[in-house]
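Asker: I would like to see how this sequence folds:
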Amino acid sequence: MRRKFSYADQKTQRYKSRWIVLGVLALIVLYVFFTSLFFSMRVLENNTMAPNLRKGERFIFSSYTLYSLIPGLDLEKGPLPLRRGNVVLVDMFREKPPGLFYGVLDGLARFFTAQRVSLLDREEHLFIKRVIGLPGDEITMTNFVIRVRVKGSAYSLTEFEVTEVDYTPNIPNIPALWDSSLPFSGNMERIVLGENECFVLSDDRNNTNDSRTWGPVPLNNISGRALFRYWPFTRIGPI
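Answerer: Below is the predicted model:
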């Protein structure tokens with residue numbers, strides 16, 4: 001038999017339902033607020049970071065959006081929140097931040113579509129790369145391996161000797177007749193990074209969509225740093 005509720009019971013039920021809905025909405029707003037200002041969740045859409053990171057893996061990035069929203073706060077000033085070897089999110093539209101309102105709307109869209117849809121149409125300008133050089137470093141490349149002379153140091157060391165992060169680059173096989181005078185040979189002349197520049201690379205050195213073609217990246221184009229891989233579960237853990 002269908003149970004009948006009194007008017008008072010129905011009113012109490014509606015009251016509880018209203019608070020449940022408001023609670024869920026508050027959680028979503030808090031999530032979007034924190035993902036807009038403090039961290040973001042991203043999917044690696046390709047194999048440019050193989051073999052260390054794989055296509056389809058999902059990561060939590062710290063966000064540097066706060067630096068662009070607070071007057072007088074600048075990523076280019078003060079202690080850097082990144083180190084050599086860190087995996088970072090490079091935003092080639094960083095010079096024109098979308099603003100907090102559009103950032104929140106974008107966060108909502110990505111929340112309800114599992115990070116697949118962005119309202120800002122900027123995903124093609126977001127790149128996951130590894131920081132190899134920091135401001136003041138001298139950078140050279142031989143056979144796809146970077147040598148770094150840290151600012152103030154008398155010696156150049158390989159990229160693996162100046163970082164505390166373990167990673168393995170994918171070194172392509174270059175034909176014997178492909179000498180250093182040809183494009184993408186794996187060799188690069190000496191460059192010195194400016195005071196507000198860093199040098200980023202793909203782990204898969206077959207991919208040249210990085211500082212080898214862009215040149216040094218302004219610090220303000222670094223949108224965040226990878227903190228944690230949360231998918232797949234078999235590879236979950238800090239980055």
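
Asker: Every contact and neighbour count from this point should use C-alpha atoms.
Answerer: Fine.

Asker: what does stretch 161-177 contact?
Answerer: 50-52, 83-86, 144, 148, 160, 185, 203-206 (Cα atoms under 8 Å, 6 or more residues apart in numbering).

Asker: How many residues are close by residue 204?
Answerer: Counted with other Cα atoms under 10 Å, the neighbours of residue 204 add up to 21.

Asker: pretty sure it is touching residue 49, no?
Answerer: Yes. Assessed by Cα atoms under 8 Å, residue 204 is found in contact with residue 49 at 5.4 Å.

Asker: so what sits against both of those two?
Answerer: With Cα under 8 Å, 6+ apart applied, the contact sets of residue 204 and residue 49 do not overlap.

Asker: Now the element after the helix or strand hosting residue 23, going C-ward?
Answerer: Using DSSP states H and E, residue 23 maps to helix 7-37. Counting by DSSP H and E, the element after helix 7-37 in chain order, helix or strand, is strand 39-43.

Asker: Within its sheet, name the partner strands of that following strand and how each one runs.
Answerer: Strands adjacent to strand 39-43 in the sheet, as given by DSSP bridges, are strand 58-63 (antiparallel).

Asker: Give me the residues contacting the partner strand.
Answerer: 35-44, 88-89, 223-232.

Asker: now these: which count as buried?
Answerer: 35-37, 39-44, 88-89, 223-230 (16 or more other Cα atoms under 10 Å).

Asker: hang on, the earlier thing: chain center to the helix holding residue 23, what's the gap?
Answerer: Distance of helix 7-37 from the chain centroid (Cα atoms, centre = their mean, to the nearest Å) equals 32 Å.

Asker: residue ranges of the strands in the protein, please?
Answerer: Using DSSP state E, the strands of the chain run over 39-43, 58-63, 87-91, 126-133, 138-142, 145-149, 157-158, 188-192, 197-201, 217-218, 222-231, 237-238.

Asker: Adding mean pLDDT as columns, could you present the ones you listed in JSON lines?
Answerer: As requested, those are arranged in JSON lines below (pLDDT from 0 to 100):
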{"stretch": "strand 39-43", "mean pLDDT": "85"}
{"stretch": "strand 58-63", "mean pLDDT": "90"}
{"stretch": "strand 87-91", "mean pLDDT": "93"}
{"stretch": "strand 126-133", "mean pLDDT": "94"}
{"stretch": "strand 138-142", "mean pLDDT": "94"}
{"stretch": "strand 145-149", "mean pLDDT": "95"}
{"stretch": "strand 157-158", "mean pLDDT": "96"}
{"stretch": "strand 188-192", "mean pLDDT": "92"}
{"stretch": "strand 197-201", "mean pLDDT": "96"}
{"stretch": "strand 217-218", "mean pLDDT": "93"}
{"stretch": "strand 222-231", "mean pLDDT": "92"}
{"stretch": "strand 237-238", "mean pLDDT": "94"}
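
Asker: Cheers, nothing more for now.
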